[in-house]
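S.K.: Here's a sequence, model it:
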Amino acid sequence: MTDSNPEFTVRQARADDEEAVVSFTRNTWGDRHGDYIPEVFGHWVETDGPDQRTFVVDVNDGADVAGVAQGVMLSDTEGWAQGMRVNPDYRGQGLSPSLSEAMFRWTRERGAAVCRNMVFSWNVAGLGQSRAVGFEPATEFRWAQPDPDPDAAPDLDVTADPAAAWAWWGSSDARTHLRGLAMDANESWAVSEFRREQLREAADDDRLFVANDGGTRGFSYRSYDYERETEEGDAETWGIYGVGAWETTDAARAVLRAVARDAGEQGYDNTRVLIPEGAGPVSDVAAARMSVSDEPDFVMSADLTDPDVV
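M.R.: Numbers count the residues shown, from 1 in each chain. Here you go, the predicted model:
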């Protein structure tokens, strides 16, 4: 039976917290696709260090765990908050603000001026929680999902020119909508400020695809890949493309075909390409006869220079 007057303490997570955390997160989104926390918590604890800290809410000096969250430094000035969960047995006791404040304080002490998180658009409770603890709306995006096809043929000229991509990106509607964000190069399922060197590195590794049609019209690039197990127990590989941006439907088709060809050559089973949410980009993907995710994801942002936030 849950203590009617427990004592809560936010502290760094330990390996022996895993059983309790897995227990209360196992069925977080059972009606959707399940929660990833049970799969990653042990790794989080093992890899905590100067740029990563996993927090739990301790109950009565180790008797139970009432919540979990992780803070990560994505760059010298950008923090990332992820995996916040509150044990259903202790909801309604103000634990989300305590976890958020711990992450905000930790990232700010390491130089972060902003801390962001990502919330599924259908997760209304999570959105409300984020707003309540100091996050404000930043941007929204969706996933284009072209099928890998090594024989896909873009019908525009596609190059690997990082200078052209960077110049186009700087004044593009996509950059404005996304607040200059793209998939982070190192932390999975995080977004951070897109940097010019990422384009140079992608070009050097044959991971950059720039559509030209009388001038630069859009681009994408391969960010990273990962493998996961399907419900049937098979392994499948996903290619993640950091951003997909374009001016026209023709450019969208060319960029996404270039992605499909690259994904096929890499042997991926599936792809995800981050694109701005909106009628234009989403309908461009549809017009290109390619798949797009059913729902958008939201990015929230907390200004750590505001003393009222921390």
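S.K.: C-alpha only now, for contacts and for neighbours.
M.R.: Noted.
S.K.: Now residue 237: closest residue in space, sequence neighbours ignored.
M.R.: residue 227 (4.3 Å; Cα to Cα, 6 or more residues apart in numbering).
S.K.: List of residues touching the helix or strand harbouring the one you found?
M.R.: Following DSSP states H and E, one finds residue 227 within strand 216-229. For strand 216-229, contacts defined as Cα atoms under 8 Å, 6 or more residues apart in numbering pick out 164-165, 168-169, 183-185, 199, 202, 207-212, 235-248, 251-252, 255, 259.
S.K.: Show the average pLDDT along that strand.
M.R.: Mean per-residue pLDDT for strand 216-229: 95.
S.K.: List the buried residues of that strand.
M.R.: 216-225 (16 or more other Cα atoms under 10 Å).
S.K.: Using TSV, lay out those together with distance to residue 43.
M.R.: TSV is the format used below for these (distance: Cα to Cα, whole Å):
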residue	distance to residue 43
216	42
217	41
218	37
219	34
220	31
221	28
222	25
223	22
224	19
225	18
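S.K.: Drop anything exposed from the contacts of strand 216-229.
M.R.: Here, 16+ other Cα under 10 Å leaves 164-165, 168-169, 183-185, 199, 202, 207-212, 237-247, 251-252, 255, 259 buried among the contacts of strand 216-229.
S.K.: circling back: quick one: name whatever helix or strand follows the strand holding residue 227.
M.R.: Counting by DSSP H and E, what follows strand 216-229 is strand 235-246.
S.K.: now that following strand and strand 216-229, what's the angle there?
M.R.: 160 degrees (axes from the mean of the first three to the mean of the last three Cα atoms, to 10 degrees).
S.K.: right, and the helix or strand after strand 235-246?
M.R.: helix 249-266.
S.K.: which helices and strands does that next one pack with?
M.R.: strand 157-159, strand 208-212, strand 216-229, strand 235-246, strand 270-276, helix 279-287 (3 or more Cα pairs under 8 Å, 6 or more residues apart in numbering; DSSP states H and E).
S.K.: quick one, which of those is nearest to residue 22?
M.R.: Residue 22 lies closest, by Cα to Cα, to one member of these: strand 216-229, at 18.5 Å.
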